[in-house]
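> got a sequence here, can you build the structure:
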Amino acid sequence: MKFFEYAEPTSLQETAELLQSCAGTASLMAGGTDLLVMMKEHVRAPSHVVNIKKIPGLDDFSFTWEGGLCLGALVTTRQIETSDIALKHYASLAKACTDFASIQVRNRATLVGNVCRASPSADSLPPLIADGAVLHIYGTQGQRQCRVEDFLQGRGRTTLATDEIVTHIQLPAPAPRTGKVYIKHGRRSQMELATVGVAVSVTLNAAGKVDSISIVLAAVGPTPLRAAAAEALLKGRIPDEQDIAAASLAAATAATPISDVRASAGYRRDMVRVLTARSLTQAIKEAQQ
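Coordinates of the predicted model:
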């Protein structure tokens, strides 16, 4: 591990100014579960490590029906997976956090850190995108908001400027008759990157027709993929088995997986079809209850 300066700013302004002065050579640390490993393996060698744990407000964890769920940059995946609010209203995100890693890592790793890592196989990203999550970002030029799906630019790449920090993630409150599901496929559910992941959020109207739907695929492209063609096949319909099968096939067709040590591209594409069907069936069933 190379020499680095260590800082513990106590405000967002101080943090942004420090990041600006480092011109992209600094790294933020909240949980540190990715950063410290990469530093030890010489994958990253920041000039400064900026610990954000002393900044007030970044541990926010709140829910209202008007504002939805608000999660600060210091909220851990373990806090989410054990939250009654998350389990009741954001079941897909809670499940993704449970599947995230070992219990030791989940007690330290933050949701915001996982988002900013921008891994194509990150468990948290598909449920966040399916739920319409928005990031609150602070920098020297002021504050801005960005949808998670627009924030991700490629493998390990985001729209975050060198002087910016993600302070919160906000998810809208779920509408009535909404079902949310995340299914991860891998050699094991925890301590393993997803071979394929599928998140579904579906809302039915009073007549049982699909009012809104999101289908998001993980580990089958450089960023999580929104299966828009599959969604269009179900929108406005009372979905039956044939509709679900057609949508699942459309999702598999939209996937652009690669072959690697975990699975072939063909296997991943077929698993997209299988997992999309399972996720849709389960989400629709939950929305009907």
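
> use CA for all of it now, contacts and neighbours both
OK.

> for residue 96, the count of nearby residues, please.
For residue 96, the number of neighbouring residues by other CA atoms under 10 Å comes to 28.

> that one is in what secondary structure piece?
When elements are assigned from DSSP states H and E, residue 96 belongs to helix 91-98.

> hmm, who's touching that helix?
Taking CA atoms under 8 Å, 6 or more residues apart in numbering as the criterion, the residues outside helix 91-98 that touch it are 77-78, 80-83, 86-87, 106, 123-124, 127-128, 180-184, 190, 199-200.

> buried residues of the helix or strand following that helix, list them for me.
Later in the chain than helix 91-98, the nearest helix or strand by DSSP H and E is helix 103-106. Of the residues in helix 103-106, 105, 106 count as buried by neighbour count, 16 or more other CA atoms under 10 Å.

> tell me what helix 103-106 is packed against?
Using 3 or more CA pairs under 8 Å, 6 or more residues apart in numbering; DSSP states H and E as the contact criterion, the neighbours of helix 103-106 among helices and strands are helix 77-81.

> now, which of the contacts of helix 91-98 lie within helices?
Per DSSP state H, helices hold the following members of the contacts of helix 91-98: 77, 78, 80, 81, 86, 87, 106, 127, 128.

> show me what contacts the closest residue to residue 47 other than its chain neighbours?
Leaving out its chain neighbours, the residue that sits closest to residue 47 by CA to CA, 6 or more residues apart in numbering is residue 4, at 4.9 Å. By CA under 8 Å, 6+ apart, the contact set of residue 4 is 45, 46, 47, 48, 49.

> can you list those residues in JSON lines and add pLDDT?
Supplementary listing: the contacts of residue 4 in JSON lines, determined by pLDDT from 0 to 100:
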{"residue": "45", "pLDDT": "94"}
{"residue": "46", "pLDDT": "95"}
{"residue": "47", "pLDDT": "95"}
{"residue": "48", "pLDDT": "96"}
{"residue": "49", "pLDDT": "97"}
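
> sort out for me which of those residues are in strands.
Using DSSP state E, the members of the contacts of residue 4 that fall in strands are 48, 49.

> and the most centrally placed residue in the chain, what pLDDT?
With distances taken as CA atoms, centre = their mean, the residue of the chain nearest its centroid is residue 125 (2.0 Å). On the pLDDT scale, residue 125 is placed at 97.

> I'd like to know how far it sits from residue 215.
Distance, residue 125 to residue 215, using CA to CA, to the nearest Å: 12 Å.

> show me how far the longest helix seen in the chain is from its chain's centre.
Among the elements of type helix in the chain, defined by DSSP H, the one spanning the most residues is helix 265-288. On the basis of CA atoms, centre = their mean, to the nearest Å, the separation between the geometric centre of helix 265-288 and that of its chain is 18 Å.

> for the record, mean pLDDT for that helix?
97.

> alpha carbons of that helix, in PDB - could you do that?
Extracted C-alpha coordinates of helix 265-288, given in PDB (Å, rounded to 0.1, in the frame of the first residue of the first chain):
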ATOM      1  CA  ALA A 265     -23.200 -15.600 -22.900                       C
ATOM      2  CA  GLY A 266     -25.700 -18.200 -24.000                       C
ATOM      3  CA  TYR A 267     -26.300 -19.500 -20.500                       C
ATOM      4  CA  ARG A 268     -26.700 -15.900 -19.100                       C
ATOM      5  CA  ARG A 269     -29.200 -15.100 -21.800                       C
ATOM      6  CA  ASP A 270     -31.300 -18.200 -21.100                       C
ATOM      7  CA  MET A 271     -31.200 -17.400 -17.300                       C
ATOM      8  CA  VAL A 272     -32.500 -13.900 -18.000                       C
ATOM      9  CA  ARG A 273     -35.600 -15.600 -19.600                       C
ATOM     10  CA  VAL A 274     -36.000 -17.900 -16.700                       C
ATOM     11  CA  LEU A 275     -35.500 -15.400 -13.900                       C
ATOM     12  CA  THR A 276     -37.600 -12.700 -15.600                       C
ATOM     13  CA  ALA A 277     -40.500 -15.200 -15.700                       C
ATOM     14  CA  ARG A 278     -40.100 -16.100 -12.100                       C
ATOM     15  CA  SER A 279     -39.700 -12.400 -11.000                       C
ATOM     16  CA  LEU A 280     -42.700 -11.300 -13.000                       C
ATOM     17  CA  THR A 281     -44.900 -14.100 -11.700                       C
ATOM     18  CA  GLN A 282     -43.900 -13.400  -8.100                       C
ATOM     19  CA  ALA A 283     -44.200  -9.600  -8.400                       C
ATOM     20  CA  ILE A 284     -47.700  -9.800 -10.000                       C
ATOM     21  CA  LYS A 285     -48.900 -12.200  -7.400                       C
ATOM     22  CA  GLU A 286     -47.700  -9.800  -4.600                       C
ATOM     23  CA  ALA A 287     -49.400  -6.900  -6.400                       C
ATOM     24  CA  GLN A 288     -52.700  -8.800  -6.500                       C
END
